[in-house]
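> Predicted model follows, preceded by the sequence.
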Amino acid sequence: MAQINHDVSWRLGALQMTSTLDVVANQSEVERLLATNPPKPGDVLLLPENFAYLGAGANYSKIAEKPGEGPIQQWLGKLAKQYQITLIAGSLPTKVSGQKRCRASTLVFDCFGRYISHYHKMHLFDVDLADNVGAYRESSRFIAGNKPKWFTHQQTKIGLSICFDLRFSYLYHWLASQGCEILMVPAAFTQLTGQAHWLTLLKARAIENQCYVVAAAQCGQHDEIRHSWGHSCIIDPWGTVIAQLEQQSGICYGKFDNQQVHSLRARMPVKPHSHLTISWSK
């Protein structure tokens, strides 16, 4: 029997942009950024939260699609196939049968353009901040998911999450306990919370779970009141930022090396010390 080569490496990518309420313009911006700094075949590329539609007064149900169906997802599949990459669409509104509210969903497409997985955001951003928006109430427009998800790419498990999930460490602990070596964090962190907490939280999730973290963020001024922090980055299991953007649109890439994960976990075995068991509802 042929042996499986467990030494794998490829590039991880995080795309950063300033989305608006114009879906067509947002799609054109993604295409422009890909053409300007194209991924290589085999790369895994993450788009930010609300990449297709974001702004004050957004009616997310207006563009909601069923997972695996719809024109925006057809476009995503074409991009994945064109560049021969695994494309993780940060979040897109998806329909919930019999409900006016939708779900905020990460959607995954393989290098053949096929839809292969999804994750529904579990922690909704219902907070009050001292910024131009003030009150954020995602629960008025979205229904929370109740199940963590991961998928496998070339023998490597990749855990999914969205933005506000980042503050809830138990989600990432569970993903790591399932064998995930990469954690995806598409986001639209506000200017206020991003400056204070973004990089600190991302580094903590990488270090405590001994995983790579890929964070693709919204950036800049979306409209007259909404402003996102940006600073998309890729962090290795030691907590080192190996690629980063500031507050400009673009794509950053960093190499994934599973041997770094395995070596660190062997030299500093954290998992055996964890006795926390989490039961997730189905």
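Nice, thanks for sending it over.
> quick one: low-confidence parts of the stretch 101-250 of the chain?
Nowhere does the stretch 101-250 of the chain drop to pLDDT under 70.
> now the end-to-end length of stretch 217-230.
Separation of the first and last residues of stretch 217-230 by C-alpha to C-alpha, to the nearest Å is 5 Å.
> And for stretch 84-104?
End to end - C-alpha to C-alpha - stretch 84-104 spans 26 Å.
> Can you give me the buried ones in that stretch?
Within stretch 84-104, the residues that count as buried by 16 or more other C-beta atoms under 10 Å are 85-96, 101-104. Using the backbone N, CA and C atoms, a C-beta is placed for each residue, glycine as well.
> Tell me which residue is most central in this structure.
Closest residue to the average C-alpha location of the chain: P186 at 2.8 Å, with C-alpha atoms, centre = their mean.
> Name the helix or strand for that residue, please.
strand 180-187 (DSSP states H and E).
> Show me the two of the buried residues of stretch 84-104 that sit farthest apart.
Pairwise distances across the buried residues of stretch 84-104 (C-beta to C-beta) peak at 31.6 Å, for the pair I85 and R101.
> helices and strands around the strand holding P186, which ones?
strand 44-46, strand 86-94, strand 156-159, helix 169-177, helix 199-209, strand 212-217 (3 or more C-beta pairs under 8 Å, 6 or more residues apart in numbering; DSSP states H and E).
> Note down every partner strand of the third one and its orientation.
Spelled out, it's strand 156-159. Strand 156-159 has its sheet partners listed here by DSSP bridges as strand 150-153 (antiparallel), strand 180-187 (parallel).
> Mind exporting the C-alpha coordinates of the first one to CSV?
Backbone C-alpha positions of strand 150-153 (Å, rounded to 0.1, in the frame of the first residue of the first chain) are rendered in CSV as follows:
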residue,chain,number,x,y,z
TRP,A,150,-14.7,22.5,9.8
PHE,A,151,-13.7,21.0,6.4
THR,A,152,-10.7,19.1,5.1
HIS,A,153,-8.3,20.4,2.5
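> How about residues contacting it?
Under the contact criterion C-beta atoms under 8 Å, 6 or more residues apart in numbering, strand 150-153 has outside partners 44, 86, 108, 116-117, 157-160, 175, 178, 180.
> Among these, which one has the most neighbours?
Within the contacts of strand 150-153, L160 tops the neighbour count with 29 neighbours, counted by other C-beta atoms under 10 Å.
> residue contacts, that one?
With the criterion set at C-beta under 8 Å, 6+ apart, L160 makes contact with 88, 106, 108, 117, 119, 148-151, 184.
> mind running it again at 10 Å?
46, 88, 90, 105-108, 117-121, 148-151, 171, 175, 180, 182-186 (C-beta atoms under 10 Å, 6 or more residues apart in numbering).
> can you tell me the distance between the two ends of stretch 145-164?
Start-to-end, stretch 145-164 (C-alpha to C-alpha) is 13 Å.
> Thanks a lot, catch you later.
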